[in-house]
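would you be able to build a 3D model of this:
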Amino acid sequence: MNAGLPSEKTEKIAEAALDRKAENLVAMDMRAVTPFADVFLVATGNSDRHVRSIADAVQQAVAGLGEKVLGVEGYEDGRWVLVDLGDVIVHVFQAEARDHYDLERLWSEALRIPIAGVEPQRVSR
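Numbers count the residues shown, from 1 in each chain. I've put the predicted structure just below:
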């Protein structure tokens with residue numbers, strides 16, 4: 001990914017998640033804080049079925065861009081589904097799991113990436 005964040009890929013993933021009614025969508029520019037991903041997208045679903053539906057939409061969006069999913073973790077349980085897309089890692093949580101792991105606080109030094117149609121989220125500390 002280049003300096004022009006967000007990329008088309010990030011935008012398409014965010015759009016797919018929002019189309020499935022993902023809540024509290026946050027995109028973080030991880031390039032300055034970790035070598036293993038350029039972007040984290042974090043979203044909330046309100047049930048295991050909803051979390052899986054959002055993860056499915058993300059995977060379909062990436063396939064539509066001609067890219068491959070490198071891995072998916074947590075799909076069966078549906079509390080926290082991680083979709084590894086290489087440069088972008090998508091985390092879809094149920095609310096209590098998101099609160100528990102609090103990735104936004106853990107990676108608070110990462111800059112937030114604006115997402116069209118989403119109000120910027122406050123950074124928790």
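
show me where the chain has its helices.
With helices called from DSSP state H, the chain shows them at 8-19, 48-64, 95-101, 103-106.

let me see the mean pLDDT of the last one.
The reference is to helix 103-106. For helix 103-106, mean pLDDT rounds to 92.

which secondary structure elements does it sit against?
strand 39-45 (3 or more Cβ pairs under 8 Å, 6 or more residues apart in numbering; DSSP states H and E). The C-beta positions use only the backbone N, C-alpha and C, and glycine is treated the same way.

got the buried residues for the strand it packs on?
V39, F40, L41, V42, A43, T44, G45 (16 or more other Cβ atoms under 10 Å).

can you pull up the most central residue in the protein?
Taking Cα atoms, centre = their mean, the centroid of the chain lies closest to L41, which sits 2.2 Å from it.

that one touches A22, doesn't it?
No: contact between L41 and A22 fails when scored by Cβ atoms under 8 Å: they sit 9.1 Å apart.

and the residue nearest to the centre of the chain, what are its bridge partners?
Beta bridges link L41 to A27, V90 when assigned by DSSP bridges.
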